[in-house]
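Undergrad: here you go, sequence then predicted model.
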Amino acid sequence: MQKTTLFLMLGLTVGAFADLTIVKEGKPNARIVVGNDSTHISRYAAKELSDFVEKSTGAELEIVDQLGTDGLVNIVVGPGRIADSLGVTTEGLTRDANRIVAKDNHIVILGIDDKKQDIAYKLTRYSVWCMTYEIGTLFGVYEFLETFIGIRWYMHMPIGEVVPKFPTLTIPEYDHVDTPRKLGRHVGMYKSLETIQEQKDNKYSLSYGGFGRTFRSGEERVHLRNTFAARLRHNTVAVRIHTMHQLVSPKTYLESHPEYFALDGKGGRIVKGAHTQHCFSQEAMIDKIARDAEAFFKGEDAKPRGFRAWGYVAYESPWGKAFHLLQGDGWKPCHCGACKKATDNAVDRGLSYKELNAAYAPQLWNAWIKIANHVKKVDPDGIVIVYVYGPTKTFPKNIEKLPDNMALELAHSGPYQEYDEKTAVKQHEEVKRWASLLTSPQRMRMHTYVTRIRYNDRYRRRLPRAIVGSIPRTIAKYAKRYRDLGYGNYMYEGHHSIAYEHINDYFYYKFLWNPDLDPETVLQEYYDKFYGPASGPMGEFWNETERQFWDTRSITVETPMGPEVRVRSWKDLWDNVYSEDTIDRWGEYFEEALVLAKPDKDPAYLERVEFMKANVYDFIAAERDDFYNGDGGKRERK
């Protein structure tokens with residue numbers, strides 16, 4: 001990654017060392033070559049390359065299917081016979097990696113691609129959860145565009161795209177393989193524009209109404225979101241969450257086996273979609289799941305087992321075929337006699353929710369281990385992935401190692417525990433303890449929860465919705481700390497603001513790919529590229545919001561018993577953290593930024609400042625005013 005980093009630091013002065021000119025004074029001096037044996041992904045990547053070169057230089061590069069000999073530079077996109085003839089192959093490349101070679105009047109960009117997928121169609125359908133196919137060549141094209149043209153994608157909407165303009169584009173001799181540090185790079189993109197702009201009618205809102213309600217496949221905003229994710233090198237490995245409501249669905253089993261479903265305190269069965277709860281005292285139910293896993297690993301059809309497709313409960317993991325296990329969302333304990341006996345009547349002892357989780361944890365761990373051991377007998381290479389969440393967050397007792405065919409998805413606070421070194425180290429040690437149960441510390445992915453709950457701290461206290469949680473430096477610090485632990489991170493961002501979260505998203509993707517980047521360099525580059533002449537005051541604003549965020553969480557006060565950490569009240573936040581002086585100072589930053597951006601020949605700088613003012617600063621000011629003069633104070637969670 002050293003060469004890539006060097007070019008990022010040099011910006012567009014790399015042309016001084018170039019020996020391949022692909023555009024000269026606005027005229028094409030190259031062609032893009034995609035062989036007849038290429039994949040849909042290579043063809044799509046070639047079109048992306050052509051489109052962005054034209055946006056930058058004004059020159060349209062023709063896409064052809066064979067090398068030319070007329071002196072024009074041949075840009076070969078994708079693996080195949082043509083790339084092979086030039087001595088450039090995918091040999092040695094791992095998943096998501098790409099190789100760029102520029103020499104002898106040829107440029108080759110390639111990676112490993114899924115030969116079956118039509119990505120142009122796929123990007124208009126489904127969600128980022130479904131991008132589970134290899135697109136190494138496309139990642140290579142985006143690497144090329146970023147490295148040699150300086151293109152950046154900071155948001156999924158047009159103003160989030162930075163494309164420097166150059167009449168002449170030259171490329172130096174170059175041979176570089178770019179490999180991600182982490183395979184798991186997933187940000188759950190379901191963002192609104194908050195209340196400043198109508199969510200449902202605005203084509204750039206990715207969520208509306210409530211958490212998790214996203215737009216349908218085929219809508220333009222779905223294409224925008226998925227394309228943006230691909231440009232940021234979204235992971236191509238599958239993510240699954242809750243599977244028990246699929247494995248033992250009420251539709252199939254409630255009538256014939258009501259005992260499979262958890263009893264609530266009033267004697268009713270807890271049956272509600274993904275929030276359906278199950279009774280883990282039922283050995284027959286656990287055996288049924290083990291047989292489902294057996295059928296999957298034997299390659300049998302899913303339908304006779306009661307599933308429309310295996311993809312709901314199983315998928316291809318970084319280590320091969322995997323079966324996924326996770327109890328129902330919003331876990332609730334079962335009140336049946338067998339569960340009470342197994343947990344020493346935990347539900348009747350007035351325990352806290354955390355204590356209830358711990359009491360029921362052995363039941364779940366015993367079930368998951370039993371299933372994993374069954375799978376091992378059927379298919380020694382089969383993987384069982386367990387989500388460490390809810391009850392299973394309780395460390396299993398009397399177990400030195402989990403079955404060697406088991407991997408973990410670990411829910412934790414991630415960068416939101418990096419606010420002080422002591423807390424961050426404690427979290428890191430906890431993750432290492434989980435890793436010690438596995439055959440490899442890489443057999444684990446972390447899941448970070450942000451969602452609509454607004455950065456809850458350990459007191460589960462909701463912050464005012466206007467508080468800015470933009471923490472790019474902290475995300476970079478987190479990525480560096482975990483560079484050798486786990487294979488990635490899934491940030492469950494949920495229903496939050498595009499304007500608030502765009503820098504976080506960018507840093508998540510960039511630093512999970514390469515934790516060795518310098519955060520200050522990447523952040524300053526964002527300020528300069530995104531705001532141009534308004535870089536100074538906009539940088540001051542975003543820098544201050546990150547520092548301020550950690551002051552919003554808690555405060556240490558002196559008591560007769562010594563120092564005590566307490567949650568700040570909303571009044572304390574608006575009086576002392578997001579105070580009148582602070583809001584006024586931020587307002588001055590934006591006024592200065594508007595003045596600086598107006599004379600520039602590129603109107604995008606002004607549009608971006610105006611967008612951030614409307615969707616961040618004005619929202620903060622309005623919420624503060626509502627707290628003191630409206631009904632805002634009534635929303636505080638007591």
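TA: Good, I have the coordinates.
Undergrad: checking residue 41 next. Helix, strand or coil?
TA: With DSSP: H, G, I helix; E, B strand; the rest coil as the basis, residue 41 sits in helix.
Undergrad: close enough to count as contact, residue 88 and residue 109?
TA: No - using C-beta atoms under 8 Å, residue 88 is not in contact with residue 109; the gap is 9.1 Å. (C-beta placed from N, C-alpha, C; glycine too.)
Undergrad: so the two - more neighbours on which side?
TA: When neighbours are counted by other C-beta atoms under 10 Å, residue 88 and residue 109 differ, and residue 109 comes out ahead with 30 against 21.
Undergrad: quickly list what's touching both of residue 88 and residue 109.
TA: Common contacts of residue 88 and residue 109 (C-beta atoms under 8 Å, 6 or more residues apart in numbering): 76, 99.
Undergrad: how many neighbours does residue 507 have?
TA: 25.
Undergrad: assign it to helix, strand or coil.
TA: helix.
Undergrad: so it touches residue 522, yeah?
TA: Yes - between residue 507 and residue 522 there is a contact under C-beta under 8 Å: 7.2 Å.
Undergrad: what is in contact with the two at once?
TA: Overlap of the contact sets of residue 507 and residue 522 (by C-beta under 8 Å, 6+ apart) consists of 472, 476.
Undergrad: residue ranges with poor pLDDT in this structure?
TA: 1-18, 128-129, 190-218, 450-462, 493-496, 554-557, 559-567, 632-638 (pLDDT under 70).
Undergrad: show me the domain layout of it.
TA: 2-179, 525-635 (automatic domain parsing).
Undergrad: quick one: distance of the first one to the chain centre.
TA: Once both centres are worked out by C-alpha atoms, centre = their mean, to the nearest Å, domain 2-179 turns out to sit 24 Å from its chain's centre.
Undergrad: other SSEs contacting the longest helix anywhere in the chain?
TA: Scanning the chain for the helix with the most residues, using DSSP state H, yields helix 353-378. When contacts are defined as 3 or more C-beta pairs under 8 Å, 6 or more residues apart in numbering; DSSP states H and E, helix 353-378 sits against helix 283-297, strand 320-325, helix 337-342, strand 383-388, strand 406-412.
Undergrad: would you tell me which of the ones you listed gets closest to residue 174?
TA: Within the helices and strands packed on helix 353-378, the stretch nearest residue 174 is strand 320-325; the backing value is 34.4 Å (C-beta to C-beta).
Undergrad: in a markdown table: the domains of the chain, plus distance to residue 185.
TA: Converted to a markdown table, the domains of the chain look like this (distance: least, C-beta to C-beta, whole Å):
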| stretch | distance to residue 185 |
| --- | --- |
| domain 2-179 | 8 |
| domain 525-635 | 18 |
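Undergrad: nearest to residue 386 among those would be which one?
TA: Of all the domains of the chain, it is domain 2-179 that lies closest to residue 386, at 19.0 Å by C-beta to C-beta.
Undergrad: on that earlier part again, next, the buried residues of the longest helix of the chain.
TA: Using 16 or more other C-beta atoms under 10 Å as the test for burial, helix 353-378 gives 356-365, 367-372, 374-376.
Undergrad: just stretch 160-174 next, same as before
TA: Quick answer for stretch 160-174 (16+ other C-beta under 10 Å): 160, 161, 162, 163, 166, 168, 169, 170, 171, 172, 174.
Undergrad: what's it in contact with?
TA: Counting by C-beta under 8 Å, 6+ apart, 3, 12, 14-15, 17-26, 52-53, 55-58, 100-103, 107, 148-155, 228, 502, 529-530, 604 sit against stretch 160-174.
Undergrad: what about that stretch, start to end distance?
TA: End-to-end distance for stretch 160-174: 29 Å, by C-alpha to C-alpha, to the nearest Å.
Undergrad: what's the answer for stretch 524-537, then?
TA: Stretch 524-537: ends 12 Å apart by C-alpha to C-alpha.
Undergrad: got it, and stretch 415-426?
TA: End-to-end distance of stretch 415-426: 13 Å, with C-alpha to C-alpha as the criterion.
Undergrad: what's the closest of the helices and strands packed on helix 353-378 to residue 141?
TA: strand 320-325 (28.6 Å).
Undergrad: which other helices and strands contact that closest one?
TA: Helices and strands touching strand 320-325, as assessed by 3+ C-beta pairs under 8 Å, 6+ apart, comprise helix 283-297, strand 314-317, helix 353-378, strand 383-388.
Undergrad: and the ones you listed as a markdown table, adding distance to residue 79?
TA: A markdown table is the format used below for these (distance: least, C-beta to C-beta, whole Å):
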| stretch | distance to residue 79 |
| --- | --- |
| helix 283-297 | 31 |
| strand 314-317 | 20 |
| helix 353-378 | 34 |
| strand 383-388 | 28 |
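Undergrad: what's the closest of these to residue 31?
TA: Each of the helices and strands packed on strand 320-325 has some distance to residue 31 by C-beta to C-beta; the shortest is strand 314-317, at 36.0 Å.
Undergrad: which secondary structure elements does the closest one sit against?
TA: So strand 314-317, by 3+ C-beta pairs under 8 Å, 6+ apart, packs with strand 320-325.
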